[in-house]
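Asker: just coords:
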């Protein structure tokens, strides 16, 4: 595993070590390494870590009568490592704690550890480490192979029954010497046992003073912060813990001078630690602040002081959640008086936040590198700005938007008066003081209602007149884009804003141009009705700037002008689409004629997407049996798109964008697409057969949804044609899966099973009774061998929908319950399908849950197994037993297997089928934890290759 070895050797060594960690031989080997004198510390740490895994997962490999000997060996080794290295000592304590959890016959755990290791001062660190890890390991005891009842009993024995003894030990040690009172280990122990002890036992004991005093010493400071924060967090139920809060509160607010001193001395770590305490106290006691704002004012002031003094912005993020939580209470009618009391604090908070929003002034004077090469600091600043923007939104809700907006307005006005006359092109003095309030105005945009009539009529003229500086101009353009809903209701302000935005397209800075495109989109979206009479000049502007912009900006301005076209009268839709889209189509064809390499094909794909945006947004309302003008335009461009698909059959980006365009034609114009349907189906069938790309299935699914049986304006012949179209696509997919292994087709598998799920929903009788369904189920089994989450989920969702028809619970989004009734013939057919492929299905799903499925697939995979049990409980139980019997030897004990299967049988006998899901999840999770990497491969549970000869 040394860094000098090549990758293959490292991989080989890694596999060897994984197999070693699971083997029986690892017990003796790890103990021998730990007891050897001539082995380096890294190897010993590996041995201790391996031993921990053996005890957690493989204790069944050790005979029960040998456990006391293992315990004594661990204690002996722990004593050997009393002086360190600390990581090894800690791992051995974790080993001992996990042995204690499982060795249920060991009743005097704490007494034995203390009597063996506690009498010698040299081994006291071992006792403290053990005390620290014991509650943590018991809390995470689900890794252990104990039943819930066994774990509950053992938790009582190890934690609840020992809590007072642990408290006495900690008190005794803490008072034994001044050094002991400042030992970080002691504080970590207190933190660990905090949840297991009544709070009174800590708050009203000498331990509280020890925690507070430790905040004044360097070595235990971090541990004391953790301890006090944990203690405060335990008081969140303020009504239950009020007496404790009254003791803690004065201790907390008394830390304010320490915060100020840390700020003066630039002691960053101390400042961050105290800030965490204030933030934790604020979050925990926020309800009391809302109830008793005067009594808890000092705490709110302390959090505000944190934000104010944090010049380097290292700790300010700790306060953000508090301001949000407090706002949530203050905006309730019940706490209106508290809101009024807190308005001055939030007003100061706005000032503080806007101050922090300012870009730094580089000492070098180089305006092009404001952070003087510190990219990490620059990234942190950008991130914090948006978080501080969220705090400003909170302030708006507490103070009211007018008062909040007045703050940046006053700052902008002050800048104009102080520096405005000195500003010139490319020279804006103290621009940071102008840019920050503009950012604040932008951040508050979401909170300002369209009928605000005090500040915005004064702010907007001020913004459009600001001098030209790239960062200031960027912020001004972005700010205007946040108030477009307001502008829609104040049309007299539209022209100067739009002039300002459109002029920004000529700016020399790329970021400003991108901002202009985004804001242009918002203006067009929200002011479309005002702009619908200006489509011709807008088109000239659109065509002039389109090809100059980066692609994301091209999409944004296209979305903008499409929103305007969507507002024109129906009789103008077709000529407007031609006016705007024909130049795009001409450019697109020109690119297609020249596109040869991958980069040029991506440009072509992006241009196709611009057409899709028009189709997605321009959806005229046309009376029935009247030609849709947008469909008329689609008929004109359809042959060109078909030709592009034929010519670029190997270009995935081009195919995906064309299919997306076709899909939106169907989604936007629905049954009005009937004239194009035969040609579209032909293109999708031929394209899929030739390219084998899943995007054709994605487009197919839109047709399935819109032209399903019983849909509006869909006659039976058309629905039958749609089903035959689907079957053709399904056969092509099955042939592809026959030729290639699933791991080469994850995206295609996802697309197909999403389509298959739609078929089960919209064409249930046809798809379920089709002879193809037997083969599709086998394909589903094969697809469940994948490791990628999305295709597995698509397959599982398809299976759940299909099995619903067997349980008379058809999947449907309709409130018409008659659609949920499943004909008997269909229910019988689903059961026949389960009989035919159920054994493979159970094996694949259980294997996936035990070995390979991503965590996000667990709910649906256990849901499929539950559906199967509800359909045919006795038969599924037999298949589960067969699957368990095929697990690799040694990966599960006969007792575990029998207990698992008995639990299932009992639930079937009592009719409590739904509980089987929990039993399956617990079993597979426990198995997986112990066998994350299969020791000798999957053995007989390896999946067989899918075969299809259709």
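Answerer: Great, that's in hand. These numbers were taken from a predicted model, which means no experiment stands behind them.
Asker: shaky segments in the stretch 351-500 of the chain?
Answerer: 364-366 (pLDDT under 70).
Asker: now the chain
Answerer: Residue ranges of the chain with pLDDT under 70: 1-6, 10, 14, 141-144, 364-366, 710-713, 812-820, 932-950.
Asker: Tell me which residue is most central in it.
Answerer: Residue closest to the average C-alpha location in the chain (C-alpha atoms, centre = their mean): residue 856, at 11.4 Å.
Asker: Show the end-to-end separation of stretch 99-111, please.
Answerer: 15 Å (C-alpha to C-alpha, to the nearest Å).
Asker: can you list contacts of that stretch?
Answerer: With contacts defined as C-beta atoms under 8 Å, 6 or more residues apart in numbering, stretch 99-111 is touched by 55, 59, 67-68, 70-71, 74, 112, 134, 137-138, 141, 144-146, 150-151, 153-154, 157-158, 162, 165-166. The C-beta positions use only the backbone N, C-alpha and C, and glycine is treated the same way.
Asker: buried residues in that stretch?
Answerer: Along stretch 99-111, these residues count as buried under the neighbour rule (16 or more other C-beta atoms under 10 Å): 99, 100, 101, 102, 103, 106, 109, 110.
Asker: mind listing which of those residues are in helices?
Answerer: Counting by DSSP state H, the buried residues of stretch 99-111 place 99, 100, 101, 102, 109, 110 in helices.
Asker: Distance to residue 440 added to those residues, as CSV?
Answerer: Shown next, in CSV, are these (distance: C-beta to C-beta, whole Å):
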residue, distance to residue 440
99, 58
100, 57
101, 54
102, 58
109, 58
110, 57
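Asker: Out of those residues, which two sit at the greatest distance?
Answerer: Farthest apart among these by C-beta to C-beta are 102 and 110. That separation is 16.4 Å.
Asker: thinking again about what came up before, now a ChimeraX select for only the buried ones of the contacts of stretch 99-111.
Answerer: Those of those that count as buried under 16+ other C-beta under 10 Å are selected in ChimeraX with:
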select :55,59,67,70,71,74,134,137,138,141,144,145,146,151,154,157,158,162,166
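Asker: Of the contacts of stretch 99-111, which belong to strands?
Answerer: Residues of the contacts of stretch 99-111 located in strands (DSSP state E): none.
Asker: Just the ones of the contacts of stretch 99-111 in helices?
Answerer: Using DSSP H, the contacts of stretch 99-111 in helices are 55, 67-68, 70-71, 74, 112, 134, 137-138, 150-151, 153-154, 157-158, 165-166.
Asker: For residue 895, grab the count of nearby residues.
Answerer: Residue neighbour count, defined by other C-beta atoms under 10 Å, stands at 9 for residue 895.
Asker: Mind giving me the packing neighbours of the helix or strand hosting it?
Answerer: Secondary structure assigned from DSSP states H and E places residue 895 in helix 894-910. Counting by 3 or more C-beta pairs under 8 Å, 6 or more residues apart in numbering; DSSP states H and E, the packing neighbours recorded for helix 894-910 are helix 873-885, helix 915-930.
Asker: Show me what the shortest one is packed up against.
Answerer: Think helix 873-885. If you count contacts as 3+ C-beta pairs under 8 Å, 6+ apart, helix 873-885 packs onto helix 824-847, helix 858-871, helix 894-910.
Asker: which of those helices sits most buried?
Answerer: helix 858-871 (a mean of 20; mean count of other C-beta atoms under 10 Å).
Asker: what's the angle between that helix and helix 894-910?
Answerer: Orientation check (axes from the mean of the first three to the mean of the last three C-alpha atoms, to 10 degrees): helix 858-871 against helix 894-910 gives 60 degrees.
Asker: picking that back up, helix 873-885 and the helix holding residue 895, what's the angle between them?
Answerer: Using the same axes, to 10 degrees: helix 894-910 against helix 873-885 is 170 degrees.
Asker: List the contacts of helix 894-910.
Answerer: With contacts defined as C-beta under 8 Å, 6+ apart, helix 894-910 is touched by 60, 145, 147, 869, 873-874, 877, 880-881, 884-885, 913, 915-916, 919, 923.
Asker: rerun at 6 Å
Answerer: 873, 877, 881, 884, 915, 916, 919, 923 (C-beta atoms under 6 Å, 6 or more residues apart in numbering).
Asker: ok, the residue nearest to the fifth one when sequence neighbours are not counted to residue 218 distance?
Answerer: Right, the one you point to is residue 915. For residue 915, ignoring the flanking residues on the chain, the nearest one in space by C-beta to C-beta, 6 or more residues apart in numbering is residue 907 at 5.0 Å. To residue 218, residue 907 is 58 Å away according to C-beta to C-beta, to the nearest Å.
Asker: same check, this time on residue 436
Answerer: For residue 436 relative to residue 218 (C-beta to C-beta), the value is 36 Å.
Asker: more neighbours, the two?
Answerer: Comparing residue 436 with residue 218 by other C-beta under 10 Å, the one with more neighbours is residue 436, at 25 against 9.
Asker: Mind telling me what element residue 562 is part of?
Answerer: Going by DSSP H and E, residue 562 is in helix 551-565.
Asker: From the contact counts, what lies against that helix?
Answerer: In terms of contacts (3 or more C-beta pairs under 6 Å, 6 or more residues apart in numbering; DSSP states H and E), helix 551-565 is packed against helix 510-526, helix 528-531, helix 535-546, helix 598-617.
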